[in-house]
Every structure is written in structure tokens, then in C-alpha cells.
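Visitor: Everything below, folded, please.
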Amino acid sequence: MVRLARRAEAAGFESAWVAETRMTRDAFVPMAAIAQATERMHVGSAIVNVFNRSPMVIAVTLTSLRELAPHRVIGGLGAGSPLILGKQGIAFHRPVTRLREYVQVLRPLLAGDPVTFSGETIELDDVRIEDIAAGTSPGLGGGDVVPLYLGVTGPRALELGGEVADGVLINGFMSTAYVDRALDRIGRGAARAGRALDDVDVCSLLVTSCDERSSVAKDRARRLIAMYLSMFANIARESGLDESRVAHTRERFQAGGIDAAAATIDDDIVDTLTVAGTPDECAARMDAYRARGVNHLVLSPIGDTHELVIDALGATC
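Guide: The predicted structure is shown next:
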């Protein structure tokens with residue numbers, strides 16, 4: 001991950017994002033390693049979960065990262081999936097409210113201020129980030145504000161992002177038509193807070209499969225699309241695909257596994273939900289998202305194709 005981040009920085013990429021939506025790696029250890037190994041690129045979490053970390057733990061961790069890489073850290077937050085949380089014995093309770101309350105308390109905590117908060121999902125009693133032995137608070141210093149981004153999908157969560165977040169990260173496997181709907185929702189939320197849509201940095205996570213052979217790139221994307229449509233109801237619902245097609249994929253997945261489900265994913269679905277094809281085709285798809293109003297594209301390469309994506313698409317980012 002460090003090697004790829006260095007390569008991406010050299011290719012002109014502005015930021016590197018680390019996810020922890022699976023039981024794979026946490027986001028913060030790789031973020032620290034990447035931050036120390038790079039010089040200018042921003043390093044963000046996309047996302048860390050607000051159910052399995054307390055706001056104090058997130059605040060302390062972001063403060064530590066900020067010390068390591070001043071003015072380069074982005075705190076990406078999300079509610080995750082009940083499918084993943086349920087296996088850990090964590091209830092997916094009031095996710096939008098929890099996101100709102102985390103943003104409310106994280107900003108003053110990251111500023112070094114004491115926080116007392118009694119909400120619907122969290123309770124804090126006069127807590128602050130401080131070095132008791134030294135009698136100091138890390139504070140922010142130098143105007144180094146850690147921006148908070150929300151990785152969200154549903155309508156209410158998108159509006160929340162527009163209302164309270166510095167940026168919104170649109171989920172992967174979403175079409176340009178979804179982007180139109182998302183921007184409308186983000187704009188509504190921003191207006192409630194007396195802000196404009198332009199005040200929110202809108203990013204889009206683009207699942208990317210690039211190859212000199214278009215068919216190879218598209219074939220690589222089918223399995224992952226089939227898995228997400230089958231396992232994650234919110235992704236399937238917001239994808240905009242006809243429900244009968246999603247149901248067919250889900251039935252094949254349940255009966256025959258991922259390969260059987262992947263066979264139901266036609267090229268039109270691949271083209272709608274991902275950036276897949278030759279470098280030129282991928283660049284054209286990226287331009288389509290920019291044209292809809294996305295400020296930053298966050299590319300998520302499928303499989304062992306990171307170097308190809310970095311080298312082929314770096315100039316277009």
C-alpha cells in the first residue's frame with residue numbers, strides 16, 4: 001500500500017484513501033504509513049465506522065495522524081453495513097442520527113475543546129484531548145482543521161452530508177444518474193444549514209477495472225458487481241437497476257455462488273455502475289462523472305490492477 005501510494009503521488013494523484021469495510025485491515029495504520037512515506041498527497045479514511053469506535057478514539061487517532069502529516073489528513077466517517085456489524089454483535093441503530101452526533105462532537109474535540117454531550121446515540125461528560133502530565137491540549141494549531149467527510153448512500157444520509165460535513169463521498173457502484181439524485185439531496189441538506197452545494201466537496205468512489213483489452217476489464221468487474229448487488233440491499237436499491245434484474249442476480253448468487261451471479265451481469269450493467277474498459281474508455285467514464293458535478297474522483301481498482309490504473313489514468317485525475 002505504501003509503495004502504491006508513492007507511485008500514485010508521483011503520477012499526480014492528490015490523495016490516497018483507505019477503507020475498512022471488511023475484516024481485512026484497519027484504516028489508520030495504513031494511513032499513518034502512507035502519510036509518512038509521501039510528501040504532499042492527502043490521506044483519508046473511506047471510511048471508518050462510527051459504530052465500532054467511540055468519538056473520543058476517532059478524535060485522538062485523527063489528532064495523532066495530524067501531528068504526523070499536518071494539513072494532509074481527512075477524516076472519512078460512515079455507518080457501514082448491518083451485514084458486517086451484525087456479525088460483531090453490534091446493532092445498526094439509528095445510523096443517520098449517529099453520524100450527525102459524531103460530527104457534532106468531533107469538531108470541538110479535534111479543536112482541543114472540552115465536550116459535554118447528551119445525545120440519542122452517544123454520551124460525553126466533560127472530555128477533551130489533553131496531555132495530563134504536560135498540562136496541555138494538542139489543539140489544532142496553525143489552522144490545521146481536519147475536514148470530516150461522510151461516506152453515505154441513502155437520501156437522508158446524503159442530506160445530512162450536505163448539512164454538516166465538509167465533504168461527501170458517494171458510494172461505489174453508483175451510476176451518473178444516481179449522482180444527479182445525490183447532488184440534489186446534498187444540496188437540500190446544505191440549504192438547511194445556510195450553505196450552498198459548492199460548499200461541500202463532493203467525491204465519488206469509482207470501482208475501476210482497466211485493461212488494454214476492454215472485454216478483460218469488463219469481465220473482471222462482473223464478479224464484484226454481482227456480489228454487491230446480491231449482498232448489500234442499499235447498493236442494489238440505489239443502483240437504479242430494474243428490480244427484476246437485481247432479483248435474478250441475487251437468486252443466481254444464492255443458488256450457485258459468485259460465478260453464477262456474475263454471468264447475469266451484462267456489459268450495460270458494467271458500464272453503468274463502474275469505470276471499466278480500456279484506458280480511453282475509463283477516462284471517458286471519469287469525465288462523465290465530472291460533468292455531472294463531482295469534484296473529486298476516488299478510483300478503487302479491482303484485483304491486482306493498481307499499478308495499471310495509476311499509470312494509465314494518473315494524468316486524467
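Visitor: buried sites along the helix or strand hosting residue 190?
Guide: For residue 190, the host element (DSSP states H and E) is helix 176-192. Applying a neighbour-count criterion of 16 or more other CB atoms under 10 Å, one finds 176, 178-179, 182-183, 185-187, 189-190 buried in helix 176-192. Heads up, the C-betas are built off the backbone N, CA and C, glycines and all.
Visitor: Also stretch 306-317?
Guide: Buried residues in stretch 306-317, counting neighbours by 16+ other CB under 10 Å, are found at 306, 308-310, 312-314, 316-317.
Visitor: go on, stretch 246-258?
Guide: Across stretch 246-258, burial judged by 16+ other CB under 10 Å covers 246, 249-250, 252-253, 258.
Visitor: Can you tell me which of those residues is nearest residue 10?
Guide: Compare each of these with residue 10 using CB to CB and the shortest gap goes to residue 258, at 35.1 Å.
Visitor: Assess the claim that that closest one and residue 222 are in contact.
Guide: No - contact criterion CB atoms under 8 Å: residue 258 and residue 222 do not qualify, at 9.4 Å.
Visitor: The residue nearest to residue 145 when sequence neighbours are not counted: what's it in contact with?
Guide: Nearest residue to residue 145 in three dimensions, chain neighbours excluded: residue 110, at 7.6 Å (CB to CB, 6 or more residues apart in numbering). For residue 110, the contact set (CB atoms under 8 Å, 6 or more residues apart in numbering) comprises 59, 62-63, 129, 140, 145-146.
Visitor: quick check, residue 57 in a strand?
Guide: No - with DSSP: H, G, I helix; E, B strand; the rest coil as the criterion, residue 57 is helix rather than part of a strand.
Visitor: Quick check: which ranges of the chain have low pLDDT?
Guide: 22-23, 134-142, 317 (pLDDT under 70).
Visitor: Which residue ranges of it form helices?
Guide: Along the chain, the stretches classed as helices by DSSP state H are 2-11, 28-37, 55-68, 82-86, 95-110, 155-164, 176-192, 214-231, 233-238, 243-256, 258-262, 267-273, 279-291, 306-313.
Visitor: of all these, which lies closest to residue 49?
Guide: Between the helices of the chain, helix 82-86 lies closest to residue 49; by CB to CB that is 7.5 Å.
Visitor: Centre of the chain to that closest one, how far?
Guide: 17 Å (CA atoms, centre = their mean, to the nearest Å).
Visitor: Show me which positions of that helix end up buried.
Guide: 82, 84-85.
Visitor: which of those residues lies closest to residue 114?
Guide: So of these, ranked by how close each gets to residue 114 (CB to CB), first place is residue 85, at 30.2 Å.
Visitor: Surely that closest one and residue 93 touch.
Guide: No - here residue 85 does not reach residue 93: they are 9.7 Å apart, not a contact under CB under 8 Å.
Visitor: coming back round to it: what's the most distant pair in the contacts of residue 110?
Guide: 129 and 145, at 14.5 Å, using CB to CB across the contacts of residue 110.
Visitor: more neighbours, the two?
Guide: Legend: neighbour count by other CB atoms under 10 Å for residue 129 and residue 145, higher for residue 129 (20 against 14).
Visitor: phi, psi of the more buried one?
Guide: The phi/psi pair for residue 129 (degrees, to the nearest 10) reads phi -80, psi 120.
Visitor: related to what we said a few turns ago, and the buried residues of stretch 246-258 as TSV, adding distance to residue 117?
Guide: Below are the buried residues of stretch 246-258 laid out as TSV (distance: CB to CB, whole Å):
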residue	distance to residue 117
246	40
249	43
250	41
252	47
253	42
258	43
